[in-house]
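Undergrad: predicted model follows, preceded by the sequence.
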Amino acid sequence: MSYYVQGQERAQRVSELFSSIASRYDLINDIQSFGLHRWWKHRLVKLAPAGPDRQALDVCCGTGDLTLALADRGYETTGIDFNEPMLRVARRRGSQRPGARPVRFVHGDALQLPFADASFSVVTVAYGLRNLADVDQGLRELVRVLRPGGTLLILEFGKPESAPLRWLWFGYLRLALPVYGFLFARDAKAYAYILESLLHYPGQTVIQSKLAGLGAADGKMVHLLGGMMSMHVVRKAG
């Protein structure tokens, strides 16, 4: 069974994927990225601006890496995800931080965020945008709940502009990730999904253009590893 499908079944299939790997998700991420995903997330969170207005939302929070990191920086943070097994891991991690700033984890849909307009000063999403059934609607929701002058931070797989580098990157994803999926989730297709979803993802340059069209100001795009990964840092016009 392929975990990538288009249309209305997309959300259900992606949820089944994450349910199957929730308990091993962090381990596999460490292995497939050689631990670099932790550094990239740390770098992303450090870009969240300091200031008195510290309400943050982490969308597609998964097991809570960014949610907990934002709380450690002093933000009153909510993490939202549509997959309960992943949220159970996040809640357990959150409960194992005695004395740390509390966080809230909510079950919900990134395409219909259950929050009022302009609710948060910082909104983040790491490795979640590519999984949405409707990327445009997801971007609209991210911007909608962000306050004027607030900051949106996105970390996602990228498509290198260099053709040789893209060939090497896609080759690694095509050959290595199914092996990780089989070894650690007993399902080779669980991580073959990453390349499938990336091939259908518009890529960082298009995403940056879409964000500008939604009223993002002072936006910048950061290429990591030559564009194999990407960061978007944008401020909502106020």
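TA: That came in fine, so what should we check first? Numbering: from 1, shown residues only.
Undergrad: buried stuff in the lengthiest helix in the chain?
TA: Criterion DSSP state H: the longest helix present in the chain is helix 163-185. Neighbour-count burial for helix 163-185 flags 166, 169, 170, 173, 177, 178, 180, 181, 184, 185 (criterion: 16 or more other C-beta atoms under 10 Å). Where C-beta positions appear, they are placed from N, C-alpha and C, glycine not excepted.
Undergrad: and stretch 60-74, what's its mean pLDDT?
TA: In this model, stretch 60-74 carries a mean pLDDT of 95.
Undergrad: chain center to that stretch, what's the gap?
TA: Relative to its chain's centre, stretch 60-74 lies at 11 Å (C-alpha atoms, centre = their mean, to the nearest Å).
Undergrad: can you list the strands that the single longest strand found in the chain pairs with?
TA: Longest strand of the chain, by residue count under DSSP state E: strand 146-157. With DSSP bridges as the test, strand 146-157 is paired with strand 120-126 (parallel), strand 229-236 (antiparallel).
Undergrad: centre of the chain to the longest one, how far?
TA: What separates the centre of strand 229-236 from the centre of its chain is 12 Å, taken as C-alpha atoms, centre = their mean.
Undergrad: go on, the first one?
TA: Computed by C-alpha atoms, centre = their mean, the chain-centroid distance of strand 120-126 equals 10 Å.
Undergrad: average pLDDT across that strand?
TA: Averaging pLDDT along strand 120-126 gives 97.
Undergrad: contacts for it, please.
TA: 41, 44-45, 48-49, 51, 53-60, 62, 65-66, 70, 75, 78, 110, 142, 145-147, 149-156 (C-beta atoms under 8 Å, 6 or more residues apart in numbering).
Undergrad: format the CA atom coordinates belonging to that strand as PDB.
TA: Taking Å, rounded to 0.1, in the frame of the first residue of the first chain, the C-alpha atoms of strand 120-126 are listed here in PDB:
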ATOM      1  CA  PHE A 120      -0.600  34.000  18.000                       C
ATOM      2  CA  SER A 121       2.500  36.100  17.800                       C
ATOM      3  CA  VAL A 122       4.600  33.100  16.500                       C
ATOM      4  CA  VAL A 123       3.400  30.200  14.400                       C
ATOM      5  CA  THR A 124       5.700  27.300  13.400                       C
ATOM      6  CA  VAL A 125       5.400  24.100  11.400                       C
ATOM      7  CA  ALA A 126       8.200  21.600  10.800                       C
END
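Undergrad: give me the buried stretch members for the one helix or strand residue 189 maps to, please.
TA: Assigned by DSSP states H and E, residue 189 belongs to helix 188-200. Buried residues in helix 188-200, defined by neighbour count with 16+ other C-beta under 10 Å: 189, 190, 191, 192, 193, 194, 195, 196, 197, 198.
Undergrad: same for that helix, what does it pack against?
TA: helix 10-21, helix 163-185 (3 or more C-beta pairs under 8 Å, 6 or more residues apart in numbering; DSSP states H and E).
Undergrad: go through these and find the least confident stretch.
TA: helix 10-21 (a mean of 71).
Undergrad: which helix or strand lies directly C-terminal to that helix?
TA: That would be, after helix 10-21 and using DSSP H and E, helix 25-32.
Undergrad: between helix 188-200 and that following helix, find me the angle.
TA: 70 degrees (axes from the mean of the first three to the mean of the last three C-alpha atoms, to 10 degrees).
Undergrad: centre of the chain to the following helix or strand past helix 25-32, how far?
TA: Later in the chain than helix 25-32, the nearest helix or strand by DSSP H and E is helix 36-46. In terms of C-alpha atoms, centre = their mean, the centre of helix 36-46 is found 12 Å from the chain centre.
Undergrad: kindly report the same for stretch 213-221.
TA: Distance, centroid of stretch 213-221 to centroid of chain: 18 Å (C-alpha atoms, centre = their mean).
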